[in-house]
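*Asks:* Would you be able to build a 3D model of this:
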Amino acid sequence: MKIKTGYLYHLKDKYFDVVNDENLMQNHERGKKRPTYFTIKDKNILWFIPISSKVDKYKKIVDKKKEKYGFCNTILIEKIFDKDSVILLQNAFPTLEKYIDHMHTVDGIPARVPEKLEKIILKNFKDLMKLHNRGIRVFFTDIDKLKKKMLEEDNQVK
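*Replies:* All right, here's what the predicted structure looks like:
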């Protein structure tokens, strides 16, 4: 499977067993594969950003952050497939291609976010990574630890 930035994917349960990180969102909800992840391909590492349908829950959080900081770039509420969706950049984490279960499809067509939204997500992710690299904690999970684990796994395969 050719993995591309901007498309949506689902993860295998095995990833969550391997990393054993309680700060990651759960993989199942009511028997369905959840959440769907926006994907950023970065060499051998894939960055997965959860997409949620719980708009009301996250709108309150976004409003509080905007009130406190004047903006919110860790959570975006945007239209994906004509529905309001929540892009949880603060919940991003690294993984490998081998942990992808399947590509998300809509009516049998591979699901991709609109190009304009993809650019916004990529810009915000890049900005958050800059903050992270300066020692400011913006991600819920320890992405450095997970990235190291994924790179070690990837190097063992080669």
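*Asks:* The residue nearest the centre of the chain and residue 108, how far apart?
*Replies:* The centre of the chain sits closest to residue 49, judged by C-alpha atoms, centre = their mean, with a distance of 0.7 Å. The spacing between residue 49 and residue 108, counted by C-beta to C-beta, to the nearest Å, is 24 Å. The way it works is simple: take the backbone N, C-alpha and C, and place the C-beta from them, glycine included.
*Asks:* swap in residue 132?
*Replies:* Using C-beta to C-beta, residue 132 is found at 37 Å from residue 108.
*Asks:* Tell me which of the two has more neighbours.
*Replies:* A direct count of neighbours by other C-beta atoms under 10 Å for residue 132 and residue 108 places residue 132 higher, at 15 against 5.
*Asks:* Show residues contacting the host helix or strand of residue 59.
*Replies:* Residue 59 belongs to helix 55-69 when assigned by DSSP states H and E. Outside helix 55-69, the residues that touch it by C-beta atoms under 8 Å, 6 or more residues apart in numbering are 52, 71, 72, 74, 75, 77, 84, 85, 86, 88.
*Asks:* And whichever helix or strand comes after that helix, what's buried?
*Replies:* Later in the chain than helix 55-69, the nearest helix or strand by DSSP H and E is strand 75-80. For strand 75-80, the neighbour count (16 or more other C-beta atoms under 10 Å) marks 75, 76, 78, 80 as buried.
*Asks:* by contact count, what packs against strand 75-80?
*Replies:* helix 55-69, strand 83-88, helix 115-133 (3 or more C-beta pairs under 8 Å, 6 or more residues apart in numbering; DSSP states H and E).
*Asks:* what's around residue 71, how many residues?
*Replies:* Other residues within reach of residue 71, judged by other C-beta under 10 Å, total 9.
*Asks:* ok, now which ones touch it?
*Replies:* The contact partners of residue 71, by C-beta under 8 Å, 6+ apart, come to residue 65.
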